[in-house]
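In: For reference, the sequence and a predicted model appear below.
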Amino acid sequence: MANATLRSDDALVHLTFADGSSAGFPYIWLRDNDPAGFHPQTQERITDLTAIPLDVTPSKIETDDATLTIWWQGDNAVTSFDLSWLRAHCPGQYAADPARTGFTHWRKDLGAEGIPHATADAVLNSDQALQDWLVQTQTFGLSIVGGLADSTEAGMEVARRIGFLRETNFGLTFEVQSKPNPNNLAYTPIALPLHTDLTNQELPPGFQFLHCLANEAMGGGSLFCDGYAIAEDLRSADPEAFTLLSTVSIPFRFHDQDTDIRNRKKVINLDETGEIIEICFNAHLADILDLAPDLMARYYRAYRQFMIMTRSAEYLVTLKLKGGEMVVFDNRRVLHGRQAFDPQTGFRHLHGCYVDRGEFESRLRLLAR
């Protein structure tokens, strides 16, 4: 049986659960999270926090095997909590989230053969196969789906199995092939160094889907590296460079006759615990650096070092997609590039689209139910 005590000096209820674990629950938090303060259908908050005094205090509490009941001073309100809900929402710890799969950092030793694989038929027709594939894709940041039909709709169908497609200034989908008057280097046959897409956007797209319809030209191999692994190695080897890249933002810009989209980004982005959660690196979209003169040389050294690491064979995985294969990767983690190809030797055509991280994680949570 659980045990609860009032600790007025700390303004919290201290709960010891039946399994022996314990936690403290601040009075204001308990009143704000009264189950009656959530709409019964939408589960959105309807409590008015400004109507709750900051010094709100219980007059009495009781527990049984399943429930904590609190009587509040002042308005005689009564709140009842399910103990299992409180156990899952202890202040100071993240609630369990099926979308938090963790990350497996990889380097060249992953090899093309180590990339997680799935088949389009399984992903489209089995929720379990879909869940397994999504977990692997998020864990490694990269996967390949095989067995797609020879149609631009085939890759989109797999992407829509996850959620809505993300539209950008390039459209809802885009064609990666050499063409006249290109407005992006992807639409040329030249080599593309490793990068993340659309760093100039306020929110760069999440997962990218590149469906290979044809890859018959000489060259044109696809290049990938794990930006998280590079950033962690930089943190260990060169703390000053890591600090600069994770605290100083630089301008990125894409502009053509129809658009001029600019934003500032840090190359390495961290959460509040210091974990790496995003890489924004695209040397072709980097705008004119506008840092203070006394910072410029130090930043260039750090930025250049990160660039050198993206080109090191120690991190590089290379493969050549075949017709009917689609590579899927986290665009805010995995850097991708391409070897040059000769369009005179054969046709090369990839069809692409994006699904944002929020849609991807939502599908993981729904499948985990």
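Out: All right, it came through fine.
In: Averaging pLDDT per element, find the lowest-scoring helix or strand in the chain.
Out: Counting by mean pLDDT, DSSP states H and E, the chain has its least confident helix or strand at strand 341-342, which shows a mean of 76.
In: Give me the helices and strands touching that one, please.
Out: strand 218-219 (3 or more Cβ pairs under 8 Å, 6 or more residues apart in numbering; DSSP states H and E). From N, CA and C alone the C-beta is placed, and that goes for glycine too.
In: Averaged pLDDT, the strand it packs on. What do you get?
Out: Strand 218-219 shows a mean pLDDT of 79.
In: Give me the three-state assignment for the residue lying closest to Glu361 once chain neighbours are set aside.
Out: Nearest residue to Glu361, sequence neighbours excluded (Cβ to Cβ, 6 or more residues apart in numbering): Ala99, at 3.7 Å. Secondary structure, DSSP: H, G, I helix; E, B strand; the rest coil: Ala99 is coil.
In: Pull the contacting residues for Ala99.
Out: Shown in contact with Ala99 (Cβ atoms under 8 Å, 6 or more residues apart in numbering): Gln138, Phe360, Glu361, Ser362, Leu364, Arg365.
In: Now intersect these with the helices, please.
Out: Per DSSP state H, helices hold the following members of the contacts of Ala99: Gln138, Phe360, Glu361, Ser362, Leu364, Arg365.
In: Among the residues you listed, the buried ones, what's the PyMOL command?
Out: Only the buried entries of the ones in helices among the contacts of Ala99 go into this PyMOL selection, using 16 or more other Cβ atoms under 10 Å:
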select buried, resi 138+360+361+364
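In: Distance to Ser59 and pLDDT added to the ones in helices among the contacts of Ala99, as a markdown table?
Out: What follows is the ones in helices among the contacts of Ala99, written out as a markdown table (distance: Cβ to Cβ, whole Å; pLDDT from 0 to 100):
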| residue | distance to Ser59 | pLDDT |
| --- | --- | --- |
| Gln138 | 47 | 97 |
| Phe360 | 47 | 97 |
| Glu361 | 41 | 98 |
| Ser362 | 41 | 97 |
| Leu364 | 43 | 97 |
| Arg365 | 38 | 97 |
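In: got the ones in helices among the contacts of Ala99 as JSON lines, with distance to Trp71 columns?
Out: As requested, these are arranged in JSON lines below (distance: Cβ to Cβ, whole Å):
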{"residue": "Gln138", "distance to Trp71": "45"}
{"residue": "Phe360", "distance to Trp71": "44"}
{"residue": "Glu361", "distance to Trp71": "39"}
{"residue": "Ser362", "distance to Trp71": "38"}
{"residue": "Leu364", "distance to Trp71": "40"}
{"residue": "Arg365", "distance to Trp71": "35"}
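In: Nearest to Thr318, out of the ones in helices among the contacts of Ala99: which one, please.
Out: Closest to Thr318 out of the ones in helices among the contacts of Ala99 is Gln138 (22.4 Å), distances taken as Cβ to Cβ.
In: wouldn't the closest one be in contact with Arg100 here?
Out: No. Look at Gln138 against Arg100 with Cβ atoms under 8 Å: they stay out of range, at 9.2 Å.
In: tell me the average confidence for stretch 246-257?
Out: pLDDT averaged over stretch 246-257 gives 96.
In: For it, what is the distance to the chain centroid?
Out: A distance of 20 Å separates the centroid of the chain from that of stretch 246-257, by Cα atoms, centre = their mean, to the nearest Å.
In: Need the contact partners of that stretch.
Out: Contacts of stretch 246-257 (Cβ under 8 Å, 6+ apart): 169, 183-184, 198-200, 231, 260-270, 280, 282, 285-291, 295, 299, 303.
In: which of those residues are buried?
Out: 198-200, 231, 261, 263, 265-270, 280, 282, 285-286, 291, 299, 303.
In: before we move on, the earlier item: looking at the contacts of stretch 246-257, which are in strands?
Out: Per DSSP state E, strands hold the following members of these: Asp260, Ile261, Arg262, Asn263, Arg264, Lys265, Ile268, Asn269, Leu270.
In: out of those, who's nearest Trp85?
Out: The closest of the ones in strands among the contacts of stretch 246-257 to Trp85 turns out to be Leu270 (Cβ to Cβ; 30.7 Å).
In: Sketch out the helices for the stretch 51-200 of the chain, chain order is fine.
Out: 83-88, 120-125, 127-140, 152-160 (DSSP state H, counting those that start in this stretch).
In: Over to the stretch 251-369 of the chain?
Out: 293-310, 357-368.
In: Reformat those as JSON lines; add distance to Gly206.
Out: Converted to JSON lines, the helices of the stretch 251-369 of the chain look like this (distance: least, Cβ to Cβ, whole Å):
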{"stretch": "helix 293-310", "distance to Gly206": "20"}
{"stretch": "helix 357-368", "distance to Gly206": "4"}
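In: who wins for proximity to Phe329 among those?
Out: helix 357-368 (11.5 Å).
In: Measure how far that closest one is from the centre of its chain, please.
Out: 11 Å.
In: and the gap between the closest residue to Pro98 other than its chain neighbours and Arg100?
Out: Closest residue to Pro98 apart from its sequence neighbours, by Cβ to Cβ, 6+ apart: Ala368 at 3.4 Å. As judged by Cβ to Cβ, to the nearest Å, Ala368 and Arg100 stand 11 Å apart.
In: just to revisit the earlier point, my read is that the residue nearest to Pro98 contacts Gln131, right?
Out: Yes. Counting by Cβ under 8 Å, Gln131 is a contact partner of Ala368 at 7.3 Å.
In: before we move on, the earlier item: so which of the ones in helices among the contacts of Ala99 comes closest to Phe25?
Out: Nearest to Phe25 among the ones in helices among the contacts of Ala99: Arg365, at 25.0 Å, using Cβ to Cβ.
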